[in-house]
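my questions are about this predicted structure, shown below with the sequence.
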Amino acid sequence: EIANLEGNRLRALPSEISHLVKLIKWDVSCNCLSHLPEEMCCRSLRQQQQERPPREQHADENETLEVLIAHSNALQSLPCRFGHLSKLQVLDVGRNRLRELPDSFSALKMMTRCNLSRNNLSYLPDDFGCLENVEFLDLSLNCIQML
């Protein structure tokens with residue numbers, strides 16, 4: 001399932017977004033978002049309670065979202081638990097105001113395409129190189145001084 005909210009004037013997304021557990025693609029590009037809700041990285045509490053016993057992965061991982069398009073917003077940061085998007089394959093957060101990536105970023109082991117261009121990144125997390133499935137990476141027009 002797909003949620004296309006592209007080109008609106010959204011300033012925030014509700015935390016209840018985590019209840020949309022079947023979404024595999026979100027497009028929230030070309031809005032006015034300054035942040036993404038932490039809850040987007042987790043399954044809904046209702047879904048967690050229905051699944052017993054807990055599986056081996058983190059109990060709150062979002063296991064469905066594969067594509068997140070959030071370019072051309074005003075994002076200043078990504079959620080701390082961003083790495084809990086365990087199935088994320090495509091990430092486009094170009095043309096934002098990101099200064100750093102969360103520590104959990106390197107847990108995105110399924111990611112193959114990553115656009116971080118036109119942000120304010122000055123460094124990458126130490127374990128950024130662990131993202132071994134990435135086939136396309138755009139870090140252009142940032143403030144990165146050392147890799």
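That came through fine. Predicted model only: the values in this text are computed from it and were never measured.

center of this protein - which residue?
F82 (5.4 Å; CA atoms, centre = their mean).

which phi and psi does it have?
For F82, the backbone dihedrals are phi -60, psi -30 (criterion: degrees, to the nearest 10).

my guess is it contacts E100, does it?
No - with contact defined as CB atoms under 8 Å, F82 does not reach E100; the gap is 11.5 Å. To be clear about C-beta, it is placed using only N, CA and C from the backbone, and glycine gets the same treatment.

hey, what's in contact with both of the two?
With contacts taken as CB atoms under 8 Å, 6 or more residues apart in numbering, F82 and E100 have no neighbour in common.

report the contact partners of the residue nearest to the centre of the chain.
Counted by CB under 8 Å, 6+ apart, F82 has contacts C41, L101, P102, S104, F105, L108.

kindly report the same for L116.
With contact taken as CB under 8 Å, 6+ apart, L116 is in contact with V93, G94, L98, L101, L137, D138, L139, N142.

chain neighbours aside, what residue packs nearest to L5?
Leaving aside its sequence neighbours, L5 sits nearest to V28 (CB to CB, 6 or more residues apart in numbering; 4.9 Å).

what pLDDT does that neighbour get?
Looking at V28, its pLDDT reads 97.

same question for F105.
pLDDT at F105 comes out at 96.

wait, a helix at it?
Yes - assigned with DSSP: H, G, I helix; E, B strand; the rest coil, F105 falls within a helix.

and it, how many residues sit next to it?
Number of residues near F105 (other CB atoms under 10 Å) recorded here: 22.

could you do the one 10 residues further on as well?
Counted with other CB under 10 Å, the neighbours of N115 add up to 20.

next, the contact list for it, please.
So N115 contacts H71, L91, D92, V93, G94, F136, D138 (CB under 8 Å, 6+ apart).

pretty sure L124 is touching L147, no?
Yes - counting by CB under 8 Å, L147 is a contact partner of L124 at 6.8 Å.

ranking helices and strands of the chain by mean pLDDT, which lands last?
Lowest on mean pLDDT, DSSP states H and E among the helices and strands of the chain sits helix 45-50, with a mean of 44.
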